[in-house]
Every structure is written in structure tokens, then in C-alpha cells.
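Participant: Just the structure for this:
(chains A and B)
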There are 2 protein chains.
Amino acid sequence: MTETQHLEPSEQLHRMLADAPRREIEALLESLSPSELARAVSRLAPADQEHLMVRLRPDDAADLVEHLPAPQAAEIVERLAPPDAARIVHELKSCDQADLIAELPDEGARAILSEMAPLDAAELRALADYAEDSAGGLMVTEYLAFPEDLTVTGVITDLRQRAGKYSDYDVQYAYVVTRRGKLVGVLRLRDLLLAPEQLGIGSVMIRGPKAVPASAGLDELQEFFSRHHFLGVPVVDDVGRLVGVVHRAAVDLARSERSELEHLRAQGIVGGEELRSMPVWRRSRRRLAWLSVNVVLNLFAAGVIAAYQETLQAAITLAVFLPIISDMSGCSGNQAVAVTMRELSLGVVQPRDLGRVLWAEARVGLINGVVLGVLVALLAWLWKGNVYLGLVVGAALALNTVVAVSIGGTVPLLLRRLGRDPALASGPLLTTVTDMCGFFLTLAFAAAVLSRLV
Amino acid sequence: MTETQHLEPSEQLHRMLADAPRREIEALLESLSPSELARAVSRLAPADQEHLMVRLRPDDAADLVEHLPAPQAAEIVERLAPPDAARIVHELKSCDQADLIAELPDEGARAILSEMAPLDAAELRALADYAEDSAGGLMVTEYLAFPEDLTVTGVITDLRQRAGKYSDYDVQYAYVVTRRGKLVGVLRLRDLLLAPEQLGIGSVMIRGPKAVPASAGLDELQEFFSRHHFLGVPVVDDVGRLVGVVHRAAVDLARSERSELEHLRAQGIVGGEELRSMPVWRRSRRRLAWLSVNVVLNLFAAGVIAAYQETLQAAITLAVFLPIISDMSGCSGNQAVAVTMRELSLGVVQPRDLGRVLWAEARVGLINGVVLGVLVALLAWLWKGNVYLGLVVGAALALNTVVAVSIGGTVPLLLRRLGRDPALASGPLLTTVTDMCGFFLTLAFAAAVLSRLV
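Facilitator: Sure thing, here's the model as predicted:
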């Protein structure tokens, strides 16, 4: 082993998979931090990845799967023989099981489910059916629930007997249910400390506990946890039966995941997360889907230049300024988009605040437009000694900054009102309109004073 | 009250502040969700905001402050008379106190601290000195700690006596310290349930508990919590004394905050978060700081066009394609930037993976470049019936896509390696280089076959 110590972990793993005993592989994996682990596994050849999963004990393999980015975990599990995959899936936490099954193509998911015990498979299928960012999709089914007619002693005895099993549960509350599974109370474990042992838990529990329906969305859950200082909330079905528990941490994580995916979409990574371990054709195709829309949008702006070709040919110096105006306006507009997106996520702005945002942006746009316009006008004047050139490009940039900033600030609100994804569509809409408008303003102003420019 | 019910909450608040009794104001605030609250307060006039803070009981005002975006909360508190502000700060949770003090200008912070009890002020000053995203900055100082020579009964008695105070603490563990405050163990409250009452807690506690130093950064904390399934971790100073507890939720929240602020910076909102409730001049100045850098960067790309002015004048149709090439290459490059930023945040890529990323991107760039190049070449050929025009713009776009994607994928890694902020600098560097290169390729190819173009 000594000679492998200076190798990358992925290279060490590759060599160990050939002949090292399982416990050496386990020791290496345990020595890595979660991100080193993800990096090492993502750099293994596909055959090595499969080999690794099969050589590990199913619970260790499950642990590994939980540390990989979701799309990568799904890719590897999908390539395993269904019985091997099922053994690993069985060891995952319920919420990770459901995420993984949801990430797999239907056929792969069915193959794995058919290898599992029928009751487990049915439960998992039900979990995977919940929308990913809903209470049903984020909840775990590992929780403590006791029937309401138990005594404090009964609960403590059960806790003591199953301490091993419960130690994985990460719960600080127990739920109290009727014989039919309806949620009627919540029991703080620390209250058990203080209660007489013979008391029924019905007298110790907090009655009428807060709960959320399985269909509650991420915004609703976020609102719930910012209103209440709970670490978890029970989830109930249509008829009030307890079906799971959503932890605050799961909601925070889902929210941060959503904002990272929004960021990706805003930059043109649409149709699912991309990892470089994916096949090059798939990555290419996904990016092209977006780029080809962009080509079409670009034609609108190009059309404006085409319409003014003769003006441009007569005053060719303008060609130097067109990209500056396009880029600067794009930047100004994107700043406004970013502030609106931020305010939307903080909740301090809503689609109906359109007028207020427009006014707030137009004022900033006016100040910045004048500053930038004067700057560029001076540059143009000094460069070519033609004050009209300066006036044309300066005025166009100043006006277009007001336009860009006003559109940038309001377009996410409009898209949200129309039920569209503001992260995805704000940028392209903005640049298309500001390019068209910027080119038009510059060339139209130039056409008006053409004799002074040449 | 009836006639105010259909008004915006901010308008209702405004009217109530004039004469309604405090409990009506409290009832209105309680009926609002946290985001409605933030929105309503941000829309009040500054005088109303101050009036509201002073009319509420200090603990209700503190509750309100905790629900506002940090820069806004600081702005309002700063405008209050220091004694009023101090009363509210006193009621905040320790981590929120420190955040608020850190957000205030030095002078304002000093004025408030001098109104507080000297010990409280000293503690708070120490807390505010920790870096915001360090363990010291994220920890709370509300935790349970017991000396190691106490018995189980002693702990339970204390818990029972101070149940009211502790109920705010949100803790599931108690820490065990020496008489000098050194951390020696952790006590799970549920283990107290199962232990004989006369036992010293030294025998029930888990010895040698995991802890982090107060200087631990966000990445380190994130790594810690993904390695260990804990809800919180004790924080110790240089000599091992317990100084606070960092909760997993605080780390998750800080991480999601950091990624949202990165997103803002990537879009050109530099130098602190912007809210539209801030004065227009400050918003303008902050945005201009960034835009003026951008003007300078733009001159490089414009310089390339200026150098080829005659070629462009001779083949003016090219002017229609220059913005298309610039925009398309920018989009392709930004996709690569987004994927690298995502992989950096997942930890699956590191600065030393430069070569690997370059290779992975160049292949995607080649495929997408050929597809887009052929598409644009066909458009140009069909439009003007000149195959050379198609070849020039198609070849330039294809090559420039490879360049853009290669730079986009690797520039964040280079910046990270140089200790720079990849979120801030990747975009502008990328567009400057791809614009220069794209304009150069198009115009140089055109110059080479100029006689065929005109």
C-alpha cells in the first residue's frame, strides 16, 4: 500500500478494487471527507464505480450513495444489476430512497422496486409519487409514534428496548396517534423526564399539534418554519393520519438547492443539472437546447443593424460603440434583475409591486445612464474629435440604460405573474430587448445627424 | 378598524401608528407571515419605521428585527435613539445581536453598546469580533452547560426549575464542563431518562466530545455536519473552554445566504446587498462602481473593431453578425462557468483539476461550436447568397465557442487558485476575452477573403 499513498484517491481506489480486501477499501473511503469522496467516485471509470458499489457492504454503499450528487448517484445505481441496486436502496433513508427512485428512468425504477419486499416497494412507490419539493417529498418516515393510551412508563420501556434502532432517528419528539393512525398529540421527550411514570401519555402530550398536509409546497414549509421555532413538523394525509416528519434542515437544504438550480438555469443550464461526469453528447445536447433558442432571439437584434446598414457604413466608427452599448446595457439590466430576484426570494417584493419597482429602478437608471452616457460621450468626442459622435453614442447609452434597468427590474415580476420561471427567462428577454433598443437608438440618432458625423 | 381591512398592511400600520392602541398593532403584526411583515415594514416611511419600533414592547420589536433582511434591520435600528436601540438589541438572540452590531457603522454600534450593561456589552463586542461566517460568528451563547461533578438528579432539578428559561433554548444536548469552563463531555437529554438518578453526570456523558474552534470557517463547518449527523456542535476557544454552540440549521442558512450573495455578485451587485428601500444615491453609486470597471473592459473589445474598421466598412454585412457572435459565445461560456461553479460548490472539482475540466469542456465546445457555426453559416449564406460570408461567420463562431467554453470552464478554477472570488470576476473576464477573440476571428477571416465578400 505504501506506494499508493501519494496517488489521487480515485487512483488508489482503482488499484484497490482489483485485489485489496474490502476492509482496506472501507478504510480509505472513511478517511475521505464527503467532498473528497464525491470527487474520487466521480473520477472513477464507470466499470470501477459499479465494482465499488458491489464490493462494499450494502449499508456502506448506501452511505456512499447519500454523499454523491443526486444525478450521479442515480446514474451509477441505474447501471447495477437490479438485485444489487435493491439491496443498496433498501439501506437508504426513506427520503433518499424516494429521491433516488424519482431520479431514475421509469424502467430502471420498476426493475429495482420489483426486487424489493412488496410492502417496502409499495411504501417507496407512494413516497416517490410526492412532488420532490413538497412535504411528502421532503419528509422522512423514520419517526417515533405511540398510541394515545400508552403510559409514560410504556413509552420509556419502548425507548429503552429499541434504543439501538431509534438512535438513527435523530428525533427529539414523539408523536401520539389514535389506533387508526390519526395524529392527536406531540410528546416532547424532555417532558417525559418530568412526568409521573403512571400517567397516560395523553395527559403529557401537547394536544392539537401543528401539522402540514403532504401536499404542502416548499414556500409553505419555509413560511411554517420561519413562523414556528420547531425542528420538525409532522406530515398528515387527507384524513389526518400521520405519514411522516419534515425536518427544518431538509427544508433549508431544499431551499438552498432550489436557489442553486435557479442560478444554473439563469446561466443557460436548463433541463436538469449537469455534471462533467455525464456523457459528452448529453451535456452538449442539453446546452444546445438553450443556445439554439438564443440564436433566434439574436436575430431580432441583428435585424435592427441590418435595417440601418447604410447609416452604419457611412459612419463606420459607430460599429466600435455598438458592442459597448449592448454590453453596458446588459450589465445594468442584469443588476436590476438580480436585485428583484433577491427581493422576491426575501419576500419583500411581490408581482403586484410592479409600479413601485419601476419607479425605484427608473430613478437609478436615470442617474447611472447620465453618468455612463457622459463618460462614453467624452471618450468618443476625445477619440474622434467629433462632438456629434459623442452626443449620439452618449444619448443612446443614457436612454438605453433607463430602458434596460426598468425592464430588468420588472421582467421577473411579470414572468412570476404569468406563472413563468423568472430565473430562466429574465436574462434572454432582457438582452434581446435592450440590444434591439440600444442598436435602434444609436443608429436612429446617427441617421438624424448623419451629415455631421461623416 | 373595519374600513382599513382592505388596505395594504403597510398602509394599515401607517394609520394605526397614529392613534391605535399597542395591542391592535401587535395583533396586526401577528396576523402577518414573516415575508408579509418584511414587505410591510420595508414600505413604511422611515419616520413610521422608527415610530413602530419605539411603540412596540422591546421583545416584540426584537422579534420584528429578526424577521427583516439584515441591512434593512440595521438601517432602522441605526436611526433610533441609542437607549431605545439598546433595549431592543438586548432582547435579540445572541447570534442576531452580533450580526446586527457587525452590520452597523462603528459609531452607531459604539453608541448602542455604551447604553447596555457593561458585561453584556463586553460579551457582545467579543461576539461581533468573530468573522461573520466563522463558528464564532454563527454560534449562539444560549446553551445548557453543567459542571462535571453534578448528579443526574442535580441536572433534572435544574432543568425543572429553569424550564421557563430553557424552553427558548432549542437544545437537545447539554454540555459538561470543568470548573474552569473546559468542555469535557456531552450529555444527551434522552440518556438522562435511562440513567439511575444518583449517578454523576460524568458517567452518563459522552467523553471527549467533538468540538470546533471559534475560528472554524463555513466550509469547515459544512464538512463537519456532512460527516457527523449532529444537530449542533460545541465551539471552544484557544484553551478548550466552551464558548457557544453552532446549530446545523445556522450553517445551512449561512451557506444558502452565501450562495445567494455570490449570485448577486456574479450579476454585478458588488459591495453589499442592495434593497430598494435604500436611498437611491447609495444604490446608484454601488452599481456604478461595477459598471465603470466594465466600461474599461469593453474598450479592449471595441479596440479590436476599431483596428479593423476598414475591413468592416468594405463588408458592412459583417456588422450584423458581430453582436450575434459576441452574445452566443458569451452564453456558451457562461454555461461552462455555471457548471464549474456548481461543481466547486459540490466539491467534485478542485483548482488542480484544471486540465481535466479543460478537456471535458473543449469536447463540448467543439460539438456545440460546429453545430452553431453551421447554423449561422447557413443563415448568412441563405440571406446574402455569398458562401464566403457564411464560411467567415460560421468558422469564427465555431472557433470562438471552443475558446469561450474552455475559458468559461477553467477561469473560476484559476481565480480560486489565485485566491480571487470566482463569482465576481469570472463573468467580466470571460466576456472581455470572448468578445475580443470573436471580433478578431470574424474580422481577420473577413480581411483574408475580402475580395470574395464584396
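Participant: tell me how far the ends of stretch A:411-430 are from each other?
Facilitator: Start-to-end span of stretch A:411-430 (C-alpha to C-alpha, to the nearest Å) is 8 Å.
Participant: Next: stretch A:235-251.
Facilitator: Note: stretch A:235-251 ends 13 Å apart using C-alpha to C-alpha.
Participant: So for chain A, the centremost residue is which one?
Facilitator: Chain A has residue A:258 as the residue nearest its centroid, 2.5 Å off, counting by C-alpha atoms, centre = their mean.
Participant: Now do the one helix or strand that residue maps to: which elements does it pack against?
Facilitator: According to DSSP states H and E, residue A:258 maps onto helix A:248-266. Where contact means 3 or more C-beta pairs under 8 Å, 6 or more residues apart in numbering or on different chains; DSSP states H and E, helix A:248-266 is packed against helix A:135-138, helix A:218-227, helix A:318-346, helix A:422-448, helix B:248-266, helix B:318-346. For every residue, glycine as well, the C-beta is placed using N, CA and C.
Participant: need those in a markdown table with mean pLDDT, can you?
Facilitator: Formatted as a markdown table, these follow (pLDDT from 0 to 100):
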| stretch | mean pLDDT |
| --- | --- |
| helix A:135-138 | 92 |
| helix A:218-227 | 87 |
| helix A:318-346 | 92 |
| helix A:422-448 | 92 |
| helix B:248-266 | 84 |
| helix B:318-346 | 92 |
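Participant: Report the separation between the closest residue to residue A:186 other than its chain neighbours and chain B.
Facilitator: In space, and not counting its chain neighbours, residue A:186 is closest to residue A:209: 4.0 Å by C-beta to C-beta, 6 or more residues apart in numbering or on different chains. For residue A:209, the distance to chain B (C-beta to the nearest C-beta, to the nearest Å) stands at 16 Å.
Participant: Hmm, residue A:209 is touching residue A:232, no?
Facilitator: No. Residue A:209 lies out of contact with residue A:232 (C-beta atoms under 8 Å); the separation is 11.0 Å.
Participant: If you average the pLDDT over the helix or strand that the helix holding residue A:258 is followed by, what comes out?
Facilitator: For helix A:248-266, the following helix or strand on the C-terminal side (DSSP H and E) is helix A:280-307. The average pLDDT for helix A:280-307 rounds to 91.
Participant: what comes up buried for helix A:280-307?
Facilitator: Of the residues in helix A:280-307, A:283-284, A:286-288, A:290-291, A:294-295, A:297-298, A:301-302, A:304-306 count as buried by neighbour count, 16 or more other C-beta atoms under 10 Å in any protein chain shown.
Participant: again, but for stretch A:419-439
Facilitator: Going by neighbour count (16+ other C-beta under 10 Å), the buried part of stretch A:419-439 is A:422-439.
Participant: Out of those residues, which are close to chain B?
Facilitator: A:431, A:435, A:439 (C-beta under 8 Å from any C-beta of the partner chain).
Participant: check contacts around the first one.
Facilitator: What it means is residue A:431. A:297, A:326, A:330, A:333, B:327 (C-beta atoms under 8 Å, 6 or more residues apart in numbering or on different chains).
Participant: what sits against the first one?
Facilitator: Under the criterion of C-beta under 8 Å, 6+ apart, the contact list for residue A:297 reads A:428, A:431, A:432.
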